[in-house]
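Asks: The following block contains a protein sequence and its predicted model.
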Amino acid sequence: MIAIEAGKPAEQASMLGFSQFNDQQAELEAQGVVFANPTGRTIKGQLINTTVAMDLEPEYVAVSADSKTAYVSLQENNALAVLDLENMTLEVRALGFKDWGNLLIDASDKDGGINFQQYPGLYGMYQPDTIATYQWQGADFVVSANEGDGREYFFDSADAASCLAEGGLEFDEDDGCLAYIDESRVEDLDLADNFAYVNNDDDDIGRLLVTTVRGDADMDGRYEQLYAYGARSFSIWDANTGLVYDSGDDVGRITAAIHGSAFNNNEDENEGDTRSDAKGAEPEALAVGQVQGRTYAFVGLERMSGIMVYDITNPFDVKFKNYVSNRGLVEGADITGDLAPEGMRFISAEHSPNGMPLLVVGNEISGSVSVWQIDLK
């Protein structure tokens, strides 16, 4: 934390770490915090022992309107850290899991196109990237873009033979020697009897990437539950990190209706359905702003490169308002437009150079900055 004194940043920063939670991993896991588990493996002759503090990965921060509380997304851990900025105390709160049993999801990139199904026993880890805060009725709420992310750890090795000899799993010319990975395709897992309703092949859930860290509750080698990366949505949480709203299967259904065969495209090619097995359109960027007394959430879809707009004025009565994109999405054609929104900034009409509210977007793959104007009606 860097204090601002007389309009200038202080010379010294205050540091707050997560080592205080090192003896609480079992308790946090029971609450739903997700941890990678490379502990106990030997890499290059050294026994790996990870701690909670090593495993928690702060991704993004949002501060409450009164500057008393900071909310930090712990993306890979499916949790939020809540920081009391007055007392400098820290909590880690699990976000729970999204049930795909009654929602529609396309889980395969090899099923020939749009193929929405319901999968009882399948859950999504919210794993938010960007978060923002706003107030309603004087209370704080946190908005999250639920991108998702898995774990891959690499170390340097000369070649494939050395990689395996040093304790690695496989060798990659670009990344090096794979030391740990927590993801698997469902078709490579042994599923329990409650999944007898699926074929577990490329036509349904078989291609979906899920974590191996959760799902085998009785440790018998068979998975009774499956946990996919990200929730393919955006959510609103209260100050207690209770879930107030989730956009459900909106992202998939809306983009499929608009883009057709280009649905679940990747951000660097025009070949539809390529992201259905891995987090879908990936809500990543997020901005919240007010237009004519209403509060809106702007959600950037990293892979599809579109922006979804929701009226979140009342977090208990959220309404989808619009979807915009200037990406060229013609199957097999050259990719064009602004690609992969990574960061956003809302500029109110009061502070705008042309008197109109603006949304400024940094686009990762196209290397461009786009400015969208919100028309007032």
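Replies: That came through fine.

Asks: Looking at the biggest helix by length in the chain now, give me its mean pLDDT.
Replies: Counting by DSSP state H, the longest helix found in the chain is helix 250-259. For helix 250-259, the mean per-residue pLDDT is 96.

Asks: ok, now stretch 320-334?
Replies: Average pLDDT, stretch 320-334: 90.

Asks: can you check stretch 56-71 too?
Replies: For stretch 56-71, mean pLDDT rounds to 96.

Asks: got the end-to-end distance for it?
Replies: 14 Å (C-alpha to C-alpha, to the nearest Å).

Asks: now stretch 255-264
Replies: Stretch 255-264 has its terminal residues 8 Å apart, counting by C-alpha to C-alpha.

Asks: ok, and for that stretch, which residues are buried?
Replies: 255-256, 259, 262-264 (16 or more other C-beta atoms under 10 Å). Yep, even glycine has a C-beta here, placed from its N, CA and C like the rest.

Asks: Please enumerate the helices of the stretch 51-200 of the chain.
Replies: With DSSP state H, counting those that start in this stretch as the criterion, the stretch 51-200 of the chain has helices at 52-55, 160-165.

Asks: Of all the ones you listed, which one comes closest to residue 335?
Replies: helix 160-165 (33.5 Å; C-beta to C-beta).

Asks: Might you calculate how far the closest one sits from the centre of the chain?
Replies: 33 Å (C-alpha atoms, centre = their mean, to the nearest Å).

Asks: That one: which residues count as buried?
Replies: Buried, per 16+ other C-beta under 10 Å, within helix 160-165: residue 163.

Asks: Kindly export that helix (C-alpha atoms) in PDB.
Replies: Provided in PDB are the C-alpha atoms of helix 160-165 (Å, rounded to 0.1, in the frame of the first residue of the first chain):
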ATOM      1  CA  ALA A 160      13.600 -33.900 -23.700                       C
ATOM      2  CA  ALA A 161      15.800 -36.600 -22.200                       C
ATOM      3  CA  SER A 162      17.200 -34.200 -19.600                       C
ATOM      4  CA  CYS A 163      13.700 -32.900 -18.800                       C
ATOM      5  CA  LEU A 164      12.400 -36.400 -17.900                       C
ATOM      6  CA  ALA A 165      15.600 -37.300 -16.000                       C
END
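
Asks: Show residues contacting that helix.
Replies: The contact list for helix 160-165, computed with C-beta atoms under 8 Å, 6 or more residues apart in numbering, reads 157, 170-171, 176-178.

Asks: From start to finish, how long is stretch 348-362 in a straight line?
Replies: OK, stretch 348-362 end separation, C-alpha to C-alpha: 18 Å.

Asks: now it, how far from the centre of its chain.
Replies: The answer for stretch 348-362 is 27 Å, by C-alpha atoms, centre = their mean.

Asks: Residues touching that stretch, excluding its own?
Replies: With C-beta under 8 Å, 6+ apart, stretch 348-362 has contacts from 285, 287, 289-291, 298, 300, 307, 338, 341-347, 369-376.

Asks: Just the buried subset of those residues, please.
Replies: 285, 287, 289, 291, 298, 300, 307, 338, 341-344, 346-347, 370, 372, 374.

Asks: what's near enough to touch the nearest residue to residue 133 once chain neighbours are set aside?
Replies: Once flanking residues are discounted, residue 133 sits nearest to residue 62: 4.6 Å by C-beta to C-beta, 6 or more residues apart in numbering. Residue 62 is in contact with 70-71, 131-133, 142, counting by C-beta under 8 Å, 6+ apart.

Asks: And the furthest pair within those?
Replies: 70 and 132 (12.3 Å).

Asks: which of these two has more neighbours?
Replies: residue 132 (23 against 18; other C-beta atoms under 10 Å).

Asks: Okay, and which of the contacts of stretch 348-362 map to strands?
Replies: 285, 287, 289-291, 298, 300, 307, 341-347, 369-373 (DSSP state E).

Asks: Residue 63 against residue 131, yeah?
Replies: No: look at residue 63 against residue 131 with C-beta atoms under 8 Å: they stay out of range, at 10.4 Å.

Asks: Those two: who's more crowded?
Replies: The neighbour comparison of residue 63 against residue 131 (other C-beta under 10 Å) goes to residue 131, with 24 against 16.

Asks: any idea how far residue 356 is from the residue most central in space within the chain?
Replies: For the chain, residue 147 is the residue whose C-alpha lies nearest the centre (C-alpha atoms, centre = their mean; 2.1 Å). From residue 147 across to residue 356, the span is 29 Å (C-beta to C-beta, to the nearest Å).

Asks: try residue 125
Replies: Counting by C-beta to C-beta - residue 125 and residue 356 are separated by 38 Å.

Asks: cool, and residue 64?
Replies: For residue 64, the distance to residue 356 - C-beta to C-beta - is 28 Å.

Asks: same deal with residue 124?
Replies: Counting by C-beta to C-beta, the gap from residue 124 to residue 356 is 36 Å.

Asks: More neighbours: the two, which one.
Replies: Remark: of residue 124 and residue 356, residue 124 carries more neighbours, 26 against 14, as counted by other C-beta under 10 Å.

Asks: who's in contact with that one?
Replies: 97-98, 100, 146, 148, 227-232.

Asks: Of the helices of the stretch 51-200 of the chain, which is nearest residue 320?
Replies: helix 52-55 (35.7 Å).

Asks: what's the offset of the closest one from the middle of its chain?
Replies: 19 Å.
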